[in-house]
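Enquirer: curious how this folds, go ahead:
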Amino acid sequence: MTIHEDSSPYPPEPKPGIETSDVFTLRSAMGWLELGMPAEARKELQTLTPEVAQLPEVRGVQWSILAQEKNWAEAEELARDQVSDQPDNAANWINWAYALRRADGCGIRMAYDTLREAVDRFPKESTIPYNLACYCCRLEELEEAWRWLGIAADRSDHKTIRKMALRDDDLSAIHDQLTDWGA
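Expert: Model prediction:
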């Protein structure tokens, strides 16, 4: 899957209760993640106060650290908590499904079921139906994969979705048919 493999939350702007140094620390942690150095990112976040560490933006970076470390059990738990705390944030649902797909004892069907629950909640979001198409392809439900891919294209555009899909190994079962799709 190419969309939202790594969560990239936006750092908070300074506001009452958040010191500029905390914003700098969060941005530093994100920089370490971009360099592929999750241990250094984790060290940065450990300097934050417990109150600041619970901000959604910080928790998003924490999820990205866990994902880079391939710690899917903790990533799934954190994302589930994020969905519970902020159900109207599409990235939380996407991250939860992504972790479910990879966590021991879970898998693609659980990831699909979780995102399926979220698709109507975010009627303009193309990432959710795109990821559902990927899951369907992996489950060998190709007709359903096409349906979700069409919804993703309607919410974005066919050219962009086709280009992404052609590079996506999850959709390899339909790559031959994608060449002319939506052209």
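
Enquirer: straight-line length of stretch 162-175, end to end?
Expert: 9 Å (C-alpha to C-alpha, to the nearest Å).

Enquirer: may I see the buried residues of that stretch?
Expert: The neighbour-count check on stretch 162-175 (16 or more other C-beta atoms under 10 Å) flags 162, 164-165, 168, 170-171, 174 as buried. C-beta here means a position set from N, CA and C on the backbone, and glycine is covered the same way.

Enquirer: most widely separated two among the residues you listed?
Expert: Arg162 and Asp170 (14.5 Å; C-beta to C-beta).

Enquirer: surely Ala79 meets Arg101?
Expert: No - with contact defined as C-beta atoms under 8 Å, Ala79 does not count as touching Arg101 (11.3 Å).

Enquirer: of those two, which one has the most company?
Expert: Higher neighbour count among Ala79 and Arg101: Ala79, with 29 against 24, using other C-beta atoms under 10 Å.

Enquirer: hey, where'd the helices end up in this structure?
Expert: Applying DSSP state H to the chain gives helices spanning 20-34, 38-45, 50-53, 56-68, 72-85, 90-102, 108-118, 127-138, 142-155, 158-167, 175-178.

Enquirer: packing partners of the fourth one?
Expert: With contacts defined as 3 or more C-beta pairs under 8 Å, 6 or more residues apart in numbering; DSSP states H and E, the packing partners of helix 56-68 are helix 20-34, helix 38-45, helix 50-53, helix 72-85, helix 90-102.

Enquirer: which of the ones you listed has the highest mean neighbour count?
Expert: When the helices and strands packed on helix 56-68 are scored by mean count of other C-beta atoms under 10 Å, the highest mean neighbour count falls to helix 90-102 (a mean of 25).

Enquirer: next one: stretch 151-166 to chain centre, how far?
Expert: Taking C-alpha atoms, centre = their mean, to the nearest Å, one finds the center of stretch 151-166 at 17 Å from the center of the full chain.

Enquirer: I should have written stretch 101-121 there, sorry.
Expert: 12 Å.

Enquirer: please identify the buried residues of that stretch?
Expert: Buried, per 16+ other C-beta under 10 Å, within stretch 101-121: 101-103, 106, 108, 110-112, 114-115, 118-119.

Enquirer: stretch 175-182 too?
Expert: By 16+ other C-beta under 10 Å, the buried positions in stretch 175-182 come out as 178, 181.

Enquirer: residues in contact with that stretch: which ones?
Expert: 153, 158-159, 161-162, 165-166, 171 (C-beta atoms under 8 Å, 6 or more residues apart in numbering).

Enquirer: make CSV from the helices of the chain and add mean pLDDT to it.
Expert: Conversion of the helices of the chain to CSV gives the following (pLDDT from 0 to 100):
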stretch, mean pLDDT
helix 20-34, 88
helix 38-45, 95
helix 50-53, 87
helix 56-68, 93
helix 72-85, 97
helix 90-102, 97
helix 108-118, 97
helix 127-138, 98
helix 142-155, 97
helix 158-167, 94
helix 175-178, 92
